[in-house]
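1. just to be clear, the model below is a prediction. Sequence and coordinates:
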Amino acid sequence: MKKPAELDAAVATYYAQAPEEDRLKYGAALLEEARTRELIQRHAPGPPAVVLDVGGGAGAYSFWLADLGYSVHLVDAAPRLIAEAERRAAQEQLASSRVGDARALEFPDGHADVVLLLGPLYHLTAAADRAKALAEARRVLKPAGWLFGAVISRWASALDGLARDLLQDSRFAAIVQRDLQDGQHRNPTDRLDFFTTAYFHKPSDALMETAGAGFANPRIFGIEGPGWLFPDVQERMSDPRRRADLLLAARMVESEPSLIGLSAHLLVVAQKS
């Protein structure tokens, strides 16, 4: 059995402190989760298909898919989050859960119908490492299996800074400048809300990387649309009519090339040919 690679020190520190297991319950992440689920269900085969949730944290999407009848294997590089998933799991709810590395998956060739990479493609900051993760995803997929890979938009921090009035903080402004320059997000401060070490993609780069791993005709969708920028997004998501409006607006611009980068997160969808 291969030993899982260690997380980048800054990333490991972040996930040891940040409540990642509850992130999707609050604020703009409510919209992110709803739209990610929608895009997965739009393309993925139905249950009881086999899903590898790689970089799945404490299992937010794993438990949802398992409850729908999928056979789900959860993999994450953070031991604390895997332990939290195992604590939360109902008996035999998941097919398996383990600490692992997206670049060296412990599954045989052609094992899965679906692979979720909803984290590794932005925490692997080197292009070569992202290529390894994508190649591993393709290896473990069955013919015609589906890849769902989340990336963070190159412009996410600039828009977040505007929405949260952070651009007057010289430390945050410097982070944004580097993000825009080369996509390499680094946070030298002790503020968890400035995020951690990551790579922020341009949509065209995410498509190029996925195609380079052997996936034919990958597509990319803006996940949240403009709605994540509203300070009252949580209240809007709790009201059925306003929630429907947020989701509708996101669908309207999800594939428009000039607006995809407006979303904080983008989802690459590709099928193994």
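-> The structure has been received and is ready for your questions.

2. measure Asp232 to Ala250 for me?
-> Here the criterion is CB to CB, to the nearest Å. By it, Asp232 lies 16 Å from Ala250. Where you see a C-beta, it was placed from the backbone N, CA and C, and this is true even at glycine.

3. now do the strands in this structure.
-> 50-54, 71-76, 96-99, 112-117, 141-153, 184-185, 198-201, 216-222, 265-271 (DSSP state E).

4. which elements pack onto the fourth one?
-> In terms of contact count using 3 or more CB pairs under 8 Å, 6 or more residues apart in numbering; DSSP states H and E, strand 112-117 is assigned the packing partners strand 50-54, helix 127-140, strand 141-153.

5. need those in JSON lines (columns: mean pLDDT).
-> Formatted as JSON lines, these follow (pLDDT from 0 to 100):
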{"stretch": "strand 50-54", "mean pLDDT": "98"}
{"stretch": "helix 127-140", "mean pLDDT": "98"}
{"stretch": "strand 141-153", "mean pLDDT": "98"}
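
6. winner for burial among those?
-> Highest mean neighbour count among the helices and strands packed on strand 112-117 (mean count of other CB atoms under 10 Å): strand 50-54, with a mean of 28.

7. which strands border it, and is each parallel or antiparallel?
-> According to DSSP bridges, strand 50-54 forms sheet pairs with strand 71-76 (parallel), strand 112-117 (parallel).

8. same list (these) but as a markdown table, adding mean pLDDT.
-> Shown next, in a markdown table, are the strands paired with strand 50-54 (pLDDT from 0 to 100):
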| stretch | mean pLDDT |
| --- | --- |
| strand 71-76 | 98 |
| strand 112-117 | 98 |
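
9. rebuild those strands as CSV, extending it with distance to Pro47 and mean neighbour count.
-> As requested, those are exported to CSV (distance: least, CB to CB, whole Å; neighbours: other CB atoms under 10 Å):
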stretch, distance to Pro47, mean neighbour count
strand 71-76, 8, 26
strand 112-117, 10, 26
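
10. Leu74 and Ala60 touch, don't they?
-> No: Leu74 is not in contact with Ala60 according to CB atoms under 8 Å; the separation is 10.1 Å.

11. shared neighbours of these two, anything?
-> Overlap of the contact sets of Leu74 and Ala60 (by CB atoms under 8 Å, 6 or more residues apart in numbering) is empty.

12. go through the strands paired with strand 50-54 and name the closest to Val140.
-> The minimum distance between Val140 and the strands paired with strand 50-54 falls on strand 112-117, with 5.3 Å, by CB to CB.

13. now the closest one: how far from the chain's centre is it?
-> A distance of 13 Å separates the centroid of the chain from that of strand 112-117, by CA atoms, centre = their mean, to the nearest Å.

14. tabulate the CA atom coordinates of that strand in PDB.
-> In PDB, the C-alpha atoms belonging to strand 112-117 read as follows (Å, rounded to 0.1, in the frame of the first residue of the first chain):
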ATOM      1  CA  ALA A 112     -15.400   3.900 -10.900                       C
ATOM      2  CA  ASP A 113     -18.300   5.300 -12.900                       C
ATOM      3  CA  VAL A 114     -17.700   8.800 -11.400                       C
ATOM      4  CA  VAL A 115     -14.700  10.600 -10.000                       C
ATOM      5  CA  LEU A 116     -15.200  13.800  -8.000                       C
ATOM      6  CA  LEU A 117     -12.100  16.100  -7.700                       C
END
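
15. who's in contact with that strand?
-> 40, 44-45, 49-56, 61, 70, 73, 102, 133-134, 137, 140-142, 145-150.
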